[in-house]
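# fold the following.
(2 chains)
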Amino acid sequence: MKTTLALIKRNRKLFFRDKGMLISSLITPIILIVLYGTFLANIYRDSFLSALPDFFKISDKLVDGTVASQLAAGLLAVSCVTVTFCVNLTMIQDRASGARKDFNVSPVKRPLIYLGYFFSTVLNSLMVNLLALALCLGYIGIMGWYLSVADVLWLILDEILLVLFGSILSSIVCYPLKTQGQMSAVGTIVSAGYGFICGAYMPISNFGSGLQKVLSFIPSTYGTSLLKNHMLRGVFEEMEKEGIPTQAIAGIRDSVDCNPIFLGKVVGTGWMLAIMAGTIVILGILYLLITDLKKE
Amino acid sequence: MEKQLDPVIKIQHLNKSFGSVHAVNDLSFQVRKGELFAFLGVNGAGKSTTISIICGQLKKDSGEVKIGGNEVDQKPGDIKRMIGVVFQDSVLDKPLTVRENLESRAALYGITGKEFDKRLEELSIILDFKEFMNRQMGKLSGGQRRRIDIARALLHKPEILILDEPTTGLDPQTRKLIWSIIEKLRVSENMTVFLTTHYMEEAASAGYVVILDKGKIVAEGTPYQLKNQYVQDYVSIYGAGEEQIRQLGKPYKAIRDGYQIQVQNTGEATKLIVEHQELFQDYEVVKGGMDDVFLAVTGKVLGGENP
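Residues are numbered from 1 along each chain as shown, chains lettered A, B, ... in the order given. Have a look, this model is predicted:
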């Protein structure tokens, strides 16, 4: 335990002293906010308004709040995972610098070294993503705030789950990599593709039914949906107050992936949490097995 | 006294191949406790492969490698606690301070908290690095960095210190300082020092030397035995004429201000001088060095493979 804590401390110090890694990690959510705001806000707005009957009039604040909440949920879903790939560089750097050679001549068990990488990635990614959450909440506050304290607490829990998921995923993916070049290539692929796969850029409900079925087997789909459910809960409540018919609200909920379907059944938020937690545990066991058994 | 002779490292018929390359070929030798053991060979001779097997970083193909009586494959944890390694290139974290580096490495051996503080204090005195304890590794000079590398290897009080070309790239003064520290530790702690080096004068002070070429031992013994076996002595004589030198009937060559006569050993040199005292007024007897031994047994100059 003390060994792992010492390694976490060491990895975190290396992260904070590597200005390039620190800045690129911090800048990722800011870039995402700018990109989302610039390119997706209008699409989300048009999509939302077109889903409402023509005769229906709702306040601009509610429209802006809905769009901002949808943007923030998608952004955080992407950021929580992609940032872990930026942060989890120490594992690769240690191989390149020879530090791993030094670790390997010591009696420390290999899984402990890798737990050190994992937990430092979790802590560093959480720091960046909580900052992103704060920025997003600020943005929502300007556009239209309908969140309760409970919603914010749920959002923090969702972030923790997604960061744990991203950290374990990046740890497994990065395990066989030897150079920073390979790592940045993987990071680029993940950054480009993950947003589509998890339904952050475009709701999965917009995709074809075959693709929707395939994506329903990917756990991250439910991570994104968790964020959307908690981020938009207050907005939907307000819509009810403004008199929008329940059926119309249900349609909007479906269209933004708040009710994902797995094998014909709607998955509730409780199950989403269970899926994410279960996935983290399974991937965690797999990671420990790989680091213990598989020779580098 | 008998304990001093126990082999702390015992290698028998060790083999290791990488594809078609036979890196280590039926290697057998042993290292005694408290000994300074020199392991010589050009790059690619099999030194690093052997060290990696000893440290448990590489699996052997066949043979026996025992450290402190235990087979390396069977008790890797115990064996790793017995060994401290100073790598050829520093492998500590350049952005971290000396203290931070040693703290994280000590934790790998379960040394934390007050136990670490105590060991750090001891090492900072032995290796004299208190003044730059809080400086980043990347900002230290080559000699200072080497001292910290040695401190890292000594954190867990190992019985065997493996030094892989520890003084390469250091200036002569720093090399001397590093060696005085190592020698002091070897004597005071009865620590076994396993050394690979490109500097022959360092190998000359070893208790035992093994010379490796293409994965095989080509010569071994004490420096004295090796010099006697593989190289000849020279008598340099000044102020004598070539005709007088020729009459001695020994091979010779002209040098600046005199001639250099080749003799088998010091005994032959003494006999020659005694028999021709009138001729030997100004002379010196030069023994063949470890460089000559290495050249004689491998046909290569150590370090010469490097640009």
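# tabulate the CA atom coordinates of stretch A:54-62 in PDB.
Provided in PDB are the C-alpha atoms of stretch A:54-62 (Å, rounded to 0.1, in the frame of the first residue of the first chain):
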ATOM      1  CA  ASP A  54     -45.100  24.600 -34.100                       C
ATOM      2  CA  PHE A  55     -47.900  26.100 -31.900                       C
ATOM      3  CA  PHE A  56     -45.800  25.600 -28.800                       C
ATOM      4  CA  LYS A  57     -43.900  28.600 -27.300                       C
ATOM      5  CA  ILE A  58     -41.200  28.100 -24.600                       C
ATOM      6  CA  SER A  59     -38.900  30.600 -23.000                       C
ATOM      7  CA  ASP A  60     -35.500  31.400 -24.600                       C
ATOM      8  CA  LYS A  61     -33.900  30.700 -21.300                       C
ATOM      9  CA  LEU A  62     -35.300  27.100 -21.400                       C
END
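# determine the longest helix present in the chain.
Since you didn't name a chain, this refers to chain A. helix A:110-143 (DSSP state H).
# actually it's chain B I care about, not the one you picked
From DSSP H, the single longest helix across chain B is helix B:172-189.
# could you export it as CSV, CA atoms only?
Presented in CSV, the C-alpha positions along helix B:172-189 are these (Å, rounded to 0.1, in the frame of the first residue of the first chain):
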residue,chain,number,x,y,z
PRO,B,172,39.3,11.7,-14.1
GLN,B,173,38.9,13.6,-10.8
THR,B,174,35.3,12.5,-10.4
ARG,B,175,36.2,9.0,-11.5
LYS,B,176,38.7,8.9,-8.7
LEU,B,177,36.1,10.2,-6.2
ILE,B,178,33.5,7.7,-7.2
TRP,B,179,36.0,4.9,-6.9
SER,B,180,37.2,5.9,-3.5
ILE,B,181,33.6,5.8,-2.3
ILE,B,182,32.9,2.4,-3.8
GLU,B,183,36.2,1.0,-2.4
LYS,B,184,35.4,2.4,1.0
LEU,B,185,31.9,0.8,0.9
ARG,B,186,33.3,-2.5,-0.3
VAL,B,187,35.7,-2.7,2.6
SER,B,188,33.6,-1.3,5.4
GLU,B,189,30.4,-3.2,4.4
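# any idea which element B:Val24 lies in?
strand B:21-32 (DSSP states H and E).
# the longest helix of chain B: what's the following helix or strand?
Note on helix B:172-189: by DSSP H and E, the next helix or strand toward the C-terminus is strand B:192-196.
# what packs against that following strand?
Strand B:192-196 is packed against strand B:7-18, strand B:21-32, strand B:36-40, helix B:47-54, strand B:160-164, helix B:172-189, with contacts defined by 3 or more CB pairs under 8 Å, 6 or more residues apart in numbering or on different chains; DSSP states H and E. Placement of C-beta: from N, CA and C, glycine included.
# among the ones you listed, which is the most enclosed?
Ranked by mean neighbour count, those are led by strand B:36-40 with a mean of 25 (mean count of other CB atoms under 10 Å in any protein chain shown).
# roughly how far out does it sit from the chain middle?
Distance of strand B:36-40 from its chain centroid, counting by CA atoms, centre = their mean, to the nearest Å, is 4 Å.
# that strand - what's its average pLDDT?
Per-residue pLDDT over strand B:36-40 has a mean of 91.
# export that strand as CSV, just CAs?
In CSV, the C-alpha atoms belonging to strand B:36-40 read as follows (Å, rounded to 0.1, in the frame of the first residue of the first chain):
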residue,chain,number,x,y,z
LEU,B,36,35.8,-6.5,-6.5
PHE,B,37,35.0,-8.5,-9.6
ALA,B,38,35.6,-7.1,-13.1
PHE,B,39,33.6,-8.3,-16.1
LEU,B,40,35.2,-7.1,-19.3
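# that strand vs helix B:47-54, what angle?
130 degrees (axes from the mean of the first three to the mean of the last three CA atoms, to 10 degrees).
# other SSEs contacting strand B:36-40?
helix B:47-54, strand B:192-196, helix B:200-204, strand B:208-213.
# quick one: strands adjacent to that strand?
strand B:192-196 (parallel), strand B:208-213 (parallel) (DSSP bridges).
# mind putting those strands in CSV, mean neighbour count included?
Output for these, formatted as CSV (neighbours: other CB atoms under 10 Å in any protein chain shown):
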stretch, mean neighbour count
strand B:192-196, 24
strand B:208-213, 23
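# now what about stretch B:125-138, what contacts it?
B:90, B:92-99, B:101, B:120, B:123-124, B:140, B:144-145, B:147-148, B:150-151, B:154, B:181, B:184-185 (CB atoms under 8 Å, 6 or more residues apart in numbering or on different chains).
# excluding chain neighbours, what is closest to the closest residue to chain B within chain A?
Chain B sits closest to A:Ala6 of chain A, with a gap of 3.2 Å, by CB to the nearest CB. In space, and not counting its chain neighbours, A:Ala6 is closest to B:Ala107: 3.2 Å by CB to CB, 6 or more residues apart in numbering or on different chains.
# quick one, phi/psi of that neighbour?
For B:Ala107, the backbone dihedrals (degrees, to the nearest 10) come out as phi -60, psi -30.
# test my guess that it contacts A:Phe103.
No: the criterion here is CB atoms under 8 Å, and B:Ala107 misses it with A:Phe103 at 10.7 Å.
# A helix includes B:Val85, no?
No: counting by DSSP: H, G, I helix; E, B strand; the rest coil, B:Val85 falls outside a helix, being strand.
# that one - how many residues pack around it?
26 (other CB atoms under 10 Å in any protein chain shown).
# confidence score at it?
The model's pLDDT for B:Val85 equals 93.
# what do you get for the one 3 residues further on?
B:Gln88 is assigned a predicted lDDT (pLDDT) of 85.
# surely it meets B:Ile162?
No: the criterion here is CB under 8 Å, and B:Gln88 misses it with B:Ile162 at 10.9 Å.
# quick one on the thing from earlier: who does the strand holding B:Val24 pair up with?
Paired strands of strand B:21-32, defined by DSSP bridges, are strand B:7-18 (antiparallel).
# could you give the average pLDDT over the strand it pairs with?
For strand B:7-18, the per-residue pLDDT averages 92.
# also stretch B:72-80?
Stretch B:72-80 comes out at a mean pLDDT of 86.
# what about it, start to end distance?
9 Å (CA to CA, to the nearest Å).
# now A:Leu26, nearest residue through space, not along the chain?
A:Val128 (5.9 Å).
# quick check: the one you found vs A:Gly138, distance?
16 Å (CB to CB, to the nearest Å).
# who has more neighbours out of these two?
The residue with more neighbours, out of A:Val128 and A:Gly138, is A:Val128; 22 against 13, by other CB under 10 Å.
# count the residues that sit near the residue lying closest to B:Glu201 once chain neighbours are set aside.
Counting by CB to CB, 6+ apart, B:Glu201 lies nearest to B:Met290, which is 7.5 Å off, once chain neighbours are set aside. When neighbours are counted by other CB under 10 Å, B:Met290 registers 25.
# just checking, B:Met290 touches B:Ser205?
No: using CB under 8 Å, B:Met290 is not in contact with B:Ser205, being 9.7 Å away.
# thinking again about what came up before, and the contacts of the strand holding B:Val24?
Contacts for strand B:21-32 (CB under 8 Å, 6+ apart): B:4-17, B:37, B:46, B:49-50, B:53, B:60, B:63, B:160, B:192, B:194, B:207-208, B:210, B:212, B:214-217, B:220.
# 7 Å instead?
If you take CB atoms under 7 Å, 6 or more residues apart in numbering or on different chains as the criterion, strand B:21-32 is touched by B:4-17, B:37, B:46, B:49-50, B:192, B:194, B:210, B:215-217, B:220.
# OK, contacts around the residue nearest to A:Leu26?
Counting by CB under 7 Å, 6+ apart, A:Val128 has contacts A:25-26, A:29, A:83.
# buried only: go through these for me.
A:25, A:29, A:83 (16 or more other CB atoms under 10 Å in any protein chain shown).
# any idea which helix or strand carries the second one?
If I follow you right, that is A:Pro29. Going by DSSP H and E, A:Pro29 is part of helix A:19-35.
# what is the mean pLDDT for the next helix or strand after that helix?
For helix A:19-35, the following helix or strand on the C-terminal side (DSSP H and E) is helix A:41-51. Across helix A:41-51, the average pLDDT comes to 80.
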